[in-house]
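*Asks:* test case, fold it:
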Amino acid sequence: MKKIGVLLVLILCCGMVHAQQTSLKICGISMSQSASAFKAQLKAKDFNLMQGRTDDKGYRGIFAGYQCSLFVNPYEENISDYVHSVEIGLSTNNGISTHERFRELEIIYRAKYGECKRNVWYDSNNSSYEKEELIWNFSYGYIKISYKMKGPDGSLSVFYCDYTNVKKNASKSGLNDI
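*Replies:* From the prediction side, this is the model:
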């Protein structure tokens, strides 16, 4: 009976620790920090600034075992104080098809985060699908893996959005006014 009580306490503690996560992590780096601190930690994990870029948003490195391009707050005109979104594009020259890599990532992310929402778009001309997305929603953000058919292969990206930092950024531009 004592062992069962200890086991229940451990399970509750693990659940509370998991529930207390308040931001997303990429390569073990928390997104709930300043952009400069996040980028410094990327560099420490061997991500290098892309050659030819005029800003410091694009990096190259290894993600989930594959060469990738990583963009910090990719769609923002001005530089934000916070990391609220990161997009990762996985290259297609690693000896495995993009669709196989998509399925591989699906297994990895499902093992870590559980069930997800799946969206599939079909081509009405030939009844094959042309885009598939997997989305994991959390109270503090979401992760979306997108695969698009393009010719013989396709494109694959992983998008992280951290709501905590979105709110920090939005509060500067009128969140309290709406």
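*Asks:* nearest residue to residue 41 other than its sequence neighbours?
*Replies:* residue 29 (4.6 Å; Cβ to Cβ, 6 or more residues apart in numbering). Bear in mind the C-beta positions are built from the backbone N, C-alpha and C, glycine included.
*Asks:* that neighbour and residue 39 touch, don't they?
*Replies:* No: the criterion here is Cβ atoms under 8 Å, and residue 29 misses it with residue 39 at 9.6 Å.
*Asks:* quick one, strands of the chain?
*Replies:* Listed in chain order, the strands of the chain (DSSP state E) span 25-26, 29-30, 48-49, 58-63, 66-72, 85-90, 117-122, 129-138, 141-150, 153-162.
*Asks:* want to throw those into JSON lines with mean pLDDT, mean neighbour count and distance to residue 97?
*Replies:* Shown next, in JSON lines, are the strands of the chain (pLDDT from 0 to 100; neighbours: other Cβ atoms under 10 Å; distance: least, Cβ to Cβ, whole Å):
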{"stretch": "strand 25-26", "mean pLDDT": "91", "mean neighbour count": "17", "distance to residue 97": "24"}
{"stretch": "strand 29-30", "mean pLDDT": "92", "mean neighbour count": "18", "distance to residue 97": "29"}
{"stretch": "strand 48-49", "mean pLDDT": "92", "mean neighbour count": "13", "distance to residue 97": "26"}
{"stretch": "strand 58-63", "mean pLDDT": "93", "mean neighbour count": "17", "distance to residue 97": "17"}
{"stretch": "strand 66-72", "mean pLDDT": "92", "mean neighbour count": "19", "distance to residue 97": "12"}
{"stretch": "strand 85-90", "mean pLDDT": "93", "mean neighbour count": "22", "distance to residue 97": "12"}
{"stretch": "strand 117-122", "mean pLDDT": "89", "mean neighbour count": "11", "distance to residue 97": "18"}
{"stretch": "strand 129-138", "mean pLDDT": "90", "mean neighbour count": "16", "distance to residue 97": "14"}
{"stretch": "strand 141-150", "mean pLDDT": "90", "mean neighbour count": "18", "distance to residue 97": "10"}
{"stretch": "strand 153-162", "mean pLDDT": "89", "mean neighbour count": "19", "distance to residue 97": "6"}
